[in-house]
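Undergrad: predicted model follows, preceded by the sequence.
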There are 2 protein chains.
Amino acid sequence: MSLETLASSPAISVAAAFPKRQIHHLREVSDNTAALRCTSCLLRDFCLPSGLSAQDTELLSTLIAARRTVRRGHALYHGGDPFENIYTVRAGSFKTQLFNPEGREQITGFQISGELLGLDGITGGQHDCDAVALEDSQVCVIPFKHLEQLSFDMPTIQHMVHRLLGAEISRERKLLMVLGNMCAEERVASFILDFSARLTARGYSSSEFNLRVTREEIGNYLGMKMETVSRIFSRFQDAGYIAMRQRLIRIVDLDGLRAVLEPARLSA
Amino acid sequence: MSLETLASSPAISVAAAFPKRQIHHLREVSDNTAALRCTSCLLRDFCLPSGLSAQDTELLSTLIAARRTVRRGHALYHGGDPFENIYTVRAGSFKTQLFNPEGREQITGFQISGELLGLDGITGGQHDCDAVALEDSQVCVIPFKHLEQLSFDMPTIQHMVHRLLGAEISRERKLLMVLGNMCAEERVASFILDFSARLTARGYSSSEFNLRVTREEIGNYLGMKMETVSRIFSRFQDAGYIAMRQRLIRIVDLDGLRAVLEPARLSA
DNA sequence: CGCACGATTGACGGAGCTCAAGCCGCGTGG
DNA sequence: CCACGCGGCTTGAGCTCCGTCAATCGTGCG
């Protein structure tokens, strides 16, 4: 199936013609310039331009060097790759994973449409994690050099960059809170609620969605084992909080899920 | 009496007035404007100026609005406070702690001399965690607005800001890895090693140092209970990896500690 | 169709939590 | 000067949650 159900412009059908194998490291095929404009993108309100004036959005558009398609399971970039671009997810979804010196893996996040990729690596000049597509996906490519240059003249752009970096810090902090303080049930509940909230913020249904990740990946992300994740999903289903078939999940009792996170559920 | 006596008293002969060893419990220093210069600060190579040219360092110095003393147990800022400044730790140490909606606490980091505080809050315009002094401490105050303004003209300064934000992201990622993947022994080992490495990087002894935090705080930071932390310290001591008296810790067998983090310690 | 991978479920064991008692080091006041 | 109390640390005993191992099932793909 085409990735492009979301894409607006007819010119986009170019993307469908992408060669099947090794999109991986392909030199960019540019779509026609008009199609790269944020103003005509359906995601404009949920993506970088959100909050920017029409004028600034236009300017931001000029930065988008290309779009790039990444096949399921392939990496948009690897840890160690030189840092050149940041990316916004235009269609599909990704995971970012980190490997420590001893070879352990930690998934640090899942990114959906309108969210940002590649900010790691601003520091060291190279990415420090892998970004892997969870399904056939497409990103907008923004050369960071250009963005920096633009931000010299444009305070609003500079603010945006700071905001983005700060947002990344906050996001990881929330995850720290989850990993440091919560038991397995609470972790899974907060994972579902977080996912749902982000989908809502991007105009998707908040009550029914496709997780697109294996139980193993969820487990890795949440610091627990696949089997435990599975058991808790089953438990939530039995409790009537959710309904699920494979990776499709429907939230049935939102308050029930939220209650899992309530503090002391103990008697007075 | 105000804590600010330090920041505004008559000139003393600057850095020379710093007794080498007790930087930790300093109270005696007073600074006039001249003294606010990074170039004359003993920490210059371990702090923000690290990596900057003499010229840029000079420029950076002009940003330092004041120094501020914070008493042990007091907060430099609270979550919710408007974001105005970032801070570098000039003497002493801090912890940053986060509270989630349900009232749970998570310590997200410990900061020592030369390290940075306050970057949270760039996004939302207000700090999202508390920064609390672990001992009587002193910070340099850098108004973020000024820093942003300066960075319009100075690419190197802008780079520095990005580098700092990126470093914060990396730091939190390392912690994610610890919380998501490691068992209690490994967490404590990596905590000790991390502390030691940071002290080394700042010119302190790497083998003997004062943790300055309670077992409870270490536990909170590492996602485990005080009792477990204590047990593991004892175990490490019995194993001859460390020697400790209260919060003073000495690394006896560095390789032993490192080996705790080795991957599969299983037979071939 | 059959294979392979992912998901589910069960049985069991152990790492870490809970509860509790006792200890140490330090400050305070008699 | 010591007695006392308090906060933080240590250590033990028991329990629980979650990890481990393993068998089975379901589903999508070649």
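TA: Happy to help now that I have it. Numbers count the residues shown, from 1 in each chain, chains lettered A, B, ... in the order given.
Undergrad: ok, the closest residue to residue A:248 other than its chain neighbours - contacts?
TA: Among residues not flanking residue A:248 along the chain, residue A:210 sits closest, at 5.4 Å (C-beta to C-beta, 6 or more residues apart in numbering or on different chains). No exception for glycine: its C-beta is placed from N, CA and C like everyone else's. If you count contacts by C-beta atoms under 8 Å, 6 or more residues apart in numbering or on different chains, residue A:210 has them with A:247, A:248, A:249.
Undergrad: can you tell me how far residue A:210 is from residue B:246?
TA: 53 Å (C-beta to C-beta, to the nearest Å).
Undergrad: likewise residue A:217?
TA: 43 Å.
Undergrad: compare neighbour counts for those two and give me the winner.
TA: residue A:217 (20 against 7; other C-beta atoms under 10 Å in any protein chain shown).
Undergrad: skipping adjacent residues, who's closest to the more buried one in space?
TA: residue A:107 (5.9 Å).
Undergrad: is the one you found in a helix, a strand, or coil?
TA: Using DSSP: H, G, I helix; E, B strand; the rest coil, the secondary structure recorded for residue A:107 is strand.
Undergrad: give me the beta-bridge partners of it?
TA: For residue A:107, the beta-bridge partners under DSSP bridges are residue A:97.
Undergrad: any idea how many residues pack against it?
TA: Neighbours around residue A:107, by other C-beta under 10 Å: 24.
Undergrad: thought residue A:219 was touching it, still the case?
TA: No: with contact defined as C-beta atoms under 8 Å, residue A:107 does not reach residue A:219; the gap is 9.2 Å.
Undergrad: one step back: ok, now which ones touch the residue nearest to residue A:217?
TA: Neighbours of residue A:107 in contact, by C-beta under 8 Å, 6+ apart: A:95, A:96, A:97, A:98, A:217, A:220, A:221.
Undergrad: identify the residue nearest the residue nearest the centre of chain A in space, chain neighbours excluded?
TA: Closest to where the C-alpha atoms of chain A average out (C-alpha atoms, centre = their mean) is residue A:111, at 0.9 Å. Of all residues beyond its chain neighbours, the one nearest residue A:111 is residue A:94 (4.5 Å), with distances taken as C-beta to C-beta, 6+ apart.
Undergrad: correct me if wrong, but that neighbour is in a strand.
TA: Yes: assessed by three-state DSSP, residue A:94 belongs to a strand.
Undergrad: one step back: tell me the SS of the residue nearest to the centre of chain A?
TA: strand.
Undergrad: distance of it from chain B?
TA: In this view, residue A:111 and chain B are 15 Å apart by C-beta to the nearest C-beta, to the nearest Å.
Undergrad: residue A:156 too?
TA: 12 Å.
Undergrad: pLDDT score assigned to that residue?
TA: Residue A:156 is assigned 86 on the pLDDT scale.
Undergrad: in what helix or strand does it lie?
TA: helix A:155-181 (DSSP states H and E).
Undergrad: and what of residue A:194?
TA: Per DSSP H and E: helix A:184-201 holds residue A:194.
Undergrad: tell me who's in contact with the nearest residue to residue A:172 once chain neighbours are set aside.
TA: Counting by C-beta to C-beta, 6+ apart, the nearest residue to residue A:172 once its immediate chain neighbours are dropped is residue B:172, at 4.5 Å. Counting by C-beta under 8 Å, 6+ apart, residue B:172 makes contact with A:169, A:172, A:173, A:176, B:108, B:109.
Undergrad: residue numbers of chain A in contact with DNA strand C?
TA: Counting by C-beta under 7 Å from any atom of the strand, the residues of chain A close to DNA strand C are A:214-216, A:226-227, A:229-231, A:233-234, A:244, A:246-247.
Undergrad: which one of these is nearest DNA strand D?
TA: residue A:227 (4.1 Å; C-beta to the nearest atom of the strand).
Undergrad: look at that closest one and say how many residues are nearby.
TA: 11.
Undergrad: so it sits in a helix?
TA: Yes: counting by three-state DSSP, residue A:227 is part of a helix.
Undergrad: show the contacting residues for it.
TA: Here residue A:227 is in contact with no residues (criterion: C-beta under 8 Å, 6+ apart).
Undergrad: how about a cut-off of 10 Å?
TA: Taking C-beta atoms under 10 Å, 6 or more residues apart in numbering or on different chains, we find residue A:227 in contact with A:215, A:216, A:219.
Undergrad: what's near enough to touch the residue in the stretch 51-200 of chain A that DNA strand C sits nearest to?
TA: The minimum distance from the stretch 51-200 of chain A to DNA strand C, using C-beta to the nearest atom of the strand, falls at residue A:183 (8.8 Å). Counting by C-beta under 10 Å, 6+ apart, residue A:183 touches A:224, A:232, A:260.
Undergrad: one step back: out of the contacts of residue A:210, which is nearest to residue A:187?
TA: residue A:249 (15.4 Å; C-beta to C-beta).
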